[in-house]
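Participant: return atomic coordinates for the entry below.
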Amino acid sequence: VRKLAPKDAGRFLLLMRAFQGGYTHSCYLRTGKVLRSGSEDLAGLDLISQDKASAYPADMLSYRFPMSHFFKTTYEKSLTLDRDRWAIIYHVKLHGIRSKLINNYILTSKAVRAENFRNDSGRLISADMIEMVLTEVDFDIIRRCYQIDEVEPVQVLACRKGWLPKPLLEYVLDLYGQKTSLKGVAGEEELYRKSKTRINGLFGCCCTNVIKGSSEYSDEDPRRPEAGPHWWTHELTVDFINEELDKLKKSRSNCFAYPWGVWITSYCRKTTWALLEALDPVKVGLKKAAIYSDTDSVKAPDSPELRAAVQKLNEERVERLRLMCEENDIDPERLAPADPKGKKHMIGLFEPDAVYDEFLTLGPKRYAHRDEDGVLRITVSGVNSEKGRKRLNNQIETFRDGIVFDYNQCGKMISAYNDHQEPLDVIDREGNVWHETAQHALALYPTTYRMGIDEVYTALWEQIFEEARE
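Facilitator: Below you'll find the predicted structure:
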């Protein structure tokens, strides 16, 4: 693993640029409207959620990852390399780019630079130019789903891929087996909890950036010895990064490589996007199109097109997992442990997880749904789900732009800093007095949460609705 540390600061910064999280988004043609299972809006079909089982751990097992230093290559040569055997970093400028689909893939916040771009709640619809750093996984998706007038390569790097170390592969399988077989077993709650926590944490170990700027209190700043004792900052400069990389290459305590984390999320986006691409309104029509996705799940009408796309992805997953077992001499039976009832669960497959009577999304990480049990639930980043749903008074239409959740409904706190606090006396409930002279203080206050929608996204809705009226 020490040999997989980036060779220099330039390569390290490119990897940081290439890293993205899971694909979380809503189809803007479906955003802001209450959708009900069996309605004409959904072609009379049930609205379901298809979820991937242990998505990130499954991707760690299913694909090969960077296993050498990255070296420079040409753009033309990179296009001929086998994607299963070679990891590629593309630093490119994409000129005259526009989406072929209604769903949009490119995350504009990851752009180095963009000119005259049109935005779909953080996803690129079109641009005169956008400069990005991408893995070959993301780059291939973008070339397939966007019309691009010109690809201008700035820098292209490549390295060989290989399976993750066998002890790590087996550890993932051990944890998945424990998590599956111990779920709901009396007396094994603690081991189940630990197994679930550890398998979920493995991805985090891979993508943790161990090189960061820091601050420390020292008797002497080597840059300004005359300053005396004070706080000083290690800035994230090229020299500092190179120094930290040298330490990392000598360390024996790190058993994960940052490039692995970059590719894990790329692979996860690839499988989720494959389902969204197959169910794009351009291909299947609006009534059967996917409505919402969040990293390892897709909400869509239960159509024949959805079932065919899920079956294809699941078959590809099984084939990849069996190849991994064959080439690493691992028992393939470990891929599908049995639960306490004896039912086997293959890791990484899409499976139906829920049926929604009602569903309403206002964008990424903002949706409300009523399950078959009749209970209305919400998912909003920054709002307690159980408390927040009571704000809707069991009416899904209440979930709208501008809705305010008070502290009792969101549990949100706001911090206030005071670096020039006057001396004060603190009296406890028994009358004891404490004379406080600290100059620095921090207080946490209860606050509200107001759900707002990006103005650009709102303008996009209005344009769509206007076009529909015409």
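Participant: strands along the stretch 151-300 of the chain, start to end?
Facilitator: 214-218, 230-234, 292-294, 297-301 (DSSP state E, counting those that start in this stretch).
Participant: which of these comes out lowest on mean pLDDT?
Facilitator: If you rank the strands of the stretch 151-300 of the chain by mean pLDDT, strand 230-234 sits at the bottom with a mean of 65.
Participant: would you say residue 17 is within a helix?
Facilitator: Yes - under DSSP: H, G, I helix; E, B strand; the rest coil, residue 17 sits within a helix.
Participant: give me the beta-bridge partners of the nearest residue to it once chain neighbours are set aside?
Facilitator: Using Cβ to Cβ, 6 or more residues apart in numbering and skipping residues adjacent in sequence, the residue nearest residue 17 is residue 133, 3.6 Å away. Every C-beta, even on glycine, is put in place using the N, C-alpha and C of the backbone. Beta-bridge pairing of residue 133 under DSSP bridges involves residue 91.
Participant: and for residue 133, the neighbour number?
Facilitator: Burial of residue 133 is recorded as 23 neighbouring residues (other Cβ atoms under 10 Å).
Participant: and it, what does it touch?
Facilitator: 14, 17, 18, 89, 90, 91, 110, 112 (Cβ atoms under 8 Å, 6 or more residues apart in numbering).
Participant: export the residues you listed to CSV and tack on pLDDT and neighbour count?
Facilitator: Compiled in CSV, the contacts of residue 133 are given as follows (pLDDT from 0 to 100; neighbours: other Cβ atoms under 10 Å):
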residue, pLDDT, neighbour count
14, 89, 19
17, 91, 17
18, 94, 23
89, 96, 26
90, 97, 26
91, 95, 17
110, 92, 18
112, 91, 13
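Participant: quick one: average confidence on stretch 94-108?
Facilitator: 95.
Participant: what of stretch 368-388?
Facilitator: Averaging pLDDT along stretch 368-388 yields 86.
Participant: can you check stretch 55-72 too?
Facilitator: 94.
Participant: equivalent analysis for stretch 125-134, please.
Facilitator: 96.
Participant: any buried residues in that stretch, and which?
Facilitator: Residues of stretch 125-134 classed as buried by neighbour count (16 or more other Cβ atoms under 10 Å): 125, 126, 127, 129, 130, 131, 132, 133, 134.
Participant: so what's the first one up against?
Facilitator: Residue 125 makes contact with 98, 99, 104, 117, 118, 119, according to Cβ under 8 Å, 6+ apart.
Participant: now do the third one against residue 144, distance only.
Facilitator: It stands for residue 104. Separation of residue 104 from residue 144 (Cβ to Cβ, to the nearest Å): 13 Å.
Participant: higher neighbour count, those two?
Facilitator: Neighbour tally, residue 104 and residue 144, criterion other Cβ under 10 Å: the higher count belongs to residue 104, 24 against 12.
Participant: which of the three states applies to that one?
Facilitator: Going by three-state DSSP: residue 104 is coil.
Participant: for the closest residue to it other than its chain neighbours, give the beta-bridge partners.
Facilitator: Spatial nearest neighbour of residue 104, excluding adjacent residues (Cβ to Cβ, 6+ apart): residue 123 at 3.8 Å. Assessed by DSSP bridges, residue 123 has beta-bridge partners residue 107, residue 120.
Participant: isn't residue 123 right next to residue 105, touching?
Facilitator: Yes - between residue 123 and residue 105 there is a contact under Cβ atoms under 8 Å: 6.8 Å.
Participant: for residue 404, what are phi and psi?
Facilitator: With angles defined as degrees, to the nearest 10, residue 404 sits at phi -110, psi 130.
Participant: tell me how many other residues surround the residue lying closest to it once chain neighbours are set aside.
Facilitator: Leaving aside its sequence neighbours, residue 404 sits nearest to residue 450 (Cβ to Cβ, 6+ apart; 4.9 Å). Burial of residue 450 is recorded as 11 neighbouring residues (other Cβ under 10 Å).
Participant: just the pLDDT for residue 450.
Facilitator: 81.
Participant: let me see the contact set for it.
Facilitator: If you count contacts by Cβ under 8 Å, 6+ apart, residue 450 has them with 402, 403, 404, 405.
Participant: let's have those residues in CSV, adding pLDDT.
Facilitator: Shown next, in CSV, are those (pLDDT from 0 to 100):
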residue, pLDDT
402, 81
403, 82
404, 83
405, 81
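Participant: buried subset of the residues you listed?
Facilitator: By 16+ other Cβ under 10 Å, the contacts of residue 450 give 403, 405 as buried.
Participant: which one of the contacts of residue 450 is nearest residue 58?
Facilitator: residue 405 (34.8 Å; Cβ to Cβ).
Participant: how close does the closest one sit to residue 370?
Facilitator: From residue 405 across to residue 370, the span is 19 Å (Cβ to Cβ).
Participant: same check on residue 298?
Facilitator: Applying Cβ to Cβ to residue 298 and residue 370 gives a distance of 19 Å.
Participant: which of these two has more neighbours?
Facilitator: Neighbour count, other Cβ under 10 Å: between residue 298 and residue 370, residue 298 has more, with 27 against 19.
Participant: okay, and the beta partners of that one?
Facilitator: Beta-bridge partners of residue 298, counted by DSSP bridges, are residue 50, residue 293.
Participant: for stretch 112-122, measure first residue to last.
Facilitator: For stretch 112-122, the first-to-last residue distance is 14 Å (Cα to Cα, to the nearest Å).
Participant: contacts for it?
Facilitator: Residues from elsewhere that reach stretch 112-122 (Cβ under 8 Å, 6+ apart): 17, 25-26, 28, 104, 107-109, 124-133, 363-364, 454, 456-457, 460.
Participant: select the longest helix from this structure.
Facilitator: Taking DSSP state H as the criterion, the chain has its longest helix at helix 304-328.
Participant: that one packs against which elements?
Facilitator: strand 47-52, helix 55-62, helix 166-182, helix 258-278, strand 350-363 (3 or more Cβ pairs under 8 Å, 6 or more residues apart in numbering; DSSP states H and E).
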